[in-house]
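# predicted model and sequence follow; I will ask about them next.
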Amino acid sequence: AQSNALKLAFWCGLRKEELDYVLSTEPSDETWYVDKDRRGFHVFHLFQDKLRRKGIEPRLCWKALPLVEPEQEDLISIIEKREFAQIPISRLKRDLGMALTNRSARKGFSVEMEARGYSREYVNEWLGHVGTSTAAKSYRNRRIAMYATPTVWESKKTG
C-alpha cells in the first residue's frame with residue numbers, strides 16, 4: 001500500500017497533505033473524484049484545502065489532473081479504491097540512504113512531465129499552483145483539466 005502511495009504522489013504530483021485528504025475523505029463533488037472528460041480520458045479532480053485555508057475562494061481551490069500517461073492510467077483503480085497508505089518518509093530515508101522529503105515525489109513529477117514534453121503551464125496547473133493573473137484567479141474553471149493532445153494520444157479511443 002505504501003508503494004502505491006509513492007506512485008500516486010509521484011505520478012499525480014500530490015502533496016503529502018493531499019494524499020492524506022484522499023485517504024480520509026469520501027469521494028464527492030466537494031472533496032475529490034475521478035471522472036472522464038469529453039475526450040474520454042480520466043481526470044482526477046482534487047479540492048485543495050490548503051488554498052481554502054489561505055482564503056482563496058473555494059471554486060478556485062480545485063485542481064484537475066488528466067490521467068493520460070500509462071503510469072497514471074494504472075493508478076485509476078488505486079485512487080478510486082484508496083488502495084494506498086501514508087508514506088513513511090523517515091523510513092524511506094533510512095532504507096534508501098537518500099535525502100528525501102515529503103515533496104520529493106512531487107518535484108519528480110514536475111521534472112518528469114516536462115521531460116515528456118508537457119508545458120510548464122500545464123504542469124503548474126496539475127500541481128495546483130494558483131496563477132498570478134486576474135484571469136487565472138477569477139475566470140478559469142479549475143474543474144476542467146487543462147492539456148493539449150500530444151501526438152501519441154491520437155491512437156487512443158474515446159469513450
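Received it, and whenever you're ready, just let me know what you need.

# pretty sure Leu46 is touching Cys61, no?
No: using Cβ atoms under 8 Å, Leu46 is not in contact with Cys61; the gap is 9.3 Å. (C-beta placed from N, C-alpha, C; glycine too.)

# out of these two, which sits in the more crowded spot?
Taking neighbours as other Cβ atoms under 10 Å, Leu46 and Cys61 compare with Leu46 leading, 22 against 19.

# so who does that one touch?
Leu14, Glu18, Tyr21, Val22, Trp32, Trp62, Lys63, Ala64, Leu65, Gly128 (Cβ atoms under 8 Å, 6 or more residues apart in numbering).

# phi, psi of it?
Leu46 adopts backbone torsions of phi -140, psi 130, taken as degrees, to the nearest 10.

# what is the least confident helix or strand in the chain?
helix 134-138 (a mean of 40; mean pLDDT, DSSP states H and E).

# in this structure, which spans are helices?
Per DSSP state H, the chain carries helices over the ranges 2-12, 16-24, 49-53, 70-73, 76-81, 89-96, 104-115, 120-127, 134-138.

# which other helices and strands contact the fifth one?
Under the contact criterion of 3 or more Cβ pairs under 8 Å, 6 or more residues apart in numbering; DSSP states H and E, the helices and strands touching helix 76-81 comprise helix 2-12, strand 32-36.

# what average pLDDT does the shortest one get?
Okay, so that is strand 32-36. The pLDDT scores in strand 32-36 average 96.

# cool, and the first one?
Taken as a whole, helix 2-12 carries a mean pLDDT of 86.

# how far is that helix from where the chain is centred?
Its chain's C-alpha centre and that of helix 2-12 lie 10 Å apart, by Cα atoms, centre = their mean, to the nearest Å.

# in that helix, what's buried?
For helix 2-12, a neighbour-count test (16 or more other Cβ atoms under 10 Å) marks Asn4, Ala5, Leu6, Lys7, Leu8, Ala9, Phe10, Trp11, Cys12 as buried.

# closest to Glu57 among these?
Nearest to Glu57 among these is Cys12, at 23.6 Å by Cβ to Cβ.

# which residues sit in contact with the closest one?
Phe44, Leu65, Leu67, Gln72, Leu75, Ile79, Phe109, Trp126.

# re the thing from before, pull the most distant pair out of the contacts of Leu46.
Tyr21 and Ala64 (15.4 Å).

# most centrally placed residue in the chain?
Cys12 (3.5 Å; Cα atoms, centre = their mean).
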